[in-house]
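# kindly generate the corresponding structure for this input.
(one chain, ligands or ions: 1)
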Amino acid sequence: MAEATPRSVLVTGGNKGIGLAIARRFLAAGDLVTVTYRSEAPAGDEGFLSVRCDVTDAQEVDQAFKEAEAAHGPVTVLVANAGTSQDRLLVRMSEADFTSVIDTNLTGAFRVARRAVRGMLRERHGRIVLISSTAALHGHPGQTNYAAAKAGLVGFARSLTQELGPRDITCNVVAPGLIETDMTRALTEEQRKELLRQTPAGRPAHPEEVADAVAFLAGAGSVRGAVIPVDGGAGLGH
Ligand code: NDP
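Predicted coordinates:
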């Protein structure tokens with residue numbers, strides 16, 4: 001059987017955690033992978049191109065795509081994974097706590113998706129996967145900012161799906177539950193236990209399991225505007 005042509009894949013926030021697992025997954029499939037990082041480039045030489053990019057800056061986003069395109073050709077798979085949290089109860093949440101989380105998680109995804117779609121329209125092909133969270137679907141105390149941003153990604157993906165209509169460009173959402181990464185290290189043992197109590201699998205999902213869902217969506221042409229939870233059953237499919 002002929003080998004599949006390598007795809008040019010860009011993963012934002014691919015220097016660690018879930019993004020790194022996703023990047024490794026595409027690399028293992030033989031794709032040409034660019035990861036963006038904000039603070040520190042990924043350690044070691046794993047075979048992907050690393051580009052510095054803060055997703056709150058449209059010029060840095062444009063530059064990252066230019067570097068990915070120069071090295072690997074037009075980006076046909078985008079994984080908007082970069083994200084941050086700033087948890088506080090609403091009464092103590094400053095406007096900056098709210099807007100900075102929206103700017104990275106929601107507007108950041110808008111910036112990278114808009115930049116990616118330009119090239120995908122020319123290629124008449126593209127796969128966009130947005131990394132949301134189960135917080136988007138169920139909410140979580142202390143996460144009005146984060147849940148609003150992550151829920152925004154669902155409306156974004158479904159609107160873009162309709163805009164792109166018959167073109168071979170898809171946009172889908174993956175919604176992880178609890179995953180052990182730097183982002184969740186601040187949880188107390190009690191919070192972790194409570195989250196797992198609500199999870200039929202009784203364990204956190206692994207970053208590689210999120211990568212499985214992303215890899216599926218990157219290969220699927222007729223799955224569009226979907227939200228796929230990777231949460232050990234915590235939301236029973238929602
Ligand atoms: P990490 O904190 O390990 O990784 C977050 C990544 O996003 C890092 O690469 C970080 O870069 C990058 N990032 C943050 N802000 C920006 C920015 N302004 N511009 C560019 N990159 C940025 O967390 P996870 O791997 O857990 O998170 C990955 C995604 O998964 C996020 O969108 C998160 O919301 C989502 N998620 C995570 C869950 C979990 O339980 N861990 C559950 C549900 C969703 P840097 O290292 O430079 O800060």
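# only C-alpha atoms from now on, for both contacts and neighbour counts.
Will do.
# all strands for the protein, in order.
For the chain, the strands defined by DSSP state E occupy 8-11, 32-37, 49-52, 77-80, 126-131, 169-176, 227-230.
# is any residue of stretch 203-222 near the ligand?
No: Stretch 203-222 lies out of reach of the ligand by C-alpha under 6 Å from any ligand atom, never closer than 7.6 Å.
# list the buried residues in that stretch.
For stretch 203-222, burial by neighbour count (16 or more other C-alpha atoms under 10 Å) applies to 203-215, 217-218.
# do stretch 159-173 as well
Leu160, Thr161, Ile169, Thr170, Cys171, Asn172, Val173.
# who's in contact with the residue nearest to the spatial centre of the chain?
Among the residues of the chain, the one closest to the centroid is Asn81, at 2.4 Å (C-alpha atoms, centre = their mean). Counting by C-alpha atoms under 8 Å, 6 or more residues apart in numbering, Asn81 touches Val11, Thr12, Gly13, Gly14, Ile18, Gly19, Leu130, Ile131.
# just to revisit the earlier point, which one of the strands of the chain lies closest to Leu89?
Between Leu89 and these, the shortest gap by C-alpha to C-alpha is with strand 169-176, which sits at 22.0 Å.
# just checking: what are the partner strands of the closest one?
strand 126-131 (parallel), strand 227-230 (parallel) (DSSP bridges).
# and the helices in this structure?
In the chain, the helices defined using DSSP state H lie at 17-28, 58-72, 95-102, 108-123, 135-138, 144-164, 189-197, 207-219.
# from the contact counts, what lies against the fifth one?
It stands for helix 135-138. Applying 3 or more C-alpha pairs under 8 Å, 6 or more residues apart in numbering; DSSP states H and E, we find helix 135-138 packed against helix 144-164.
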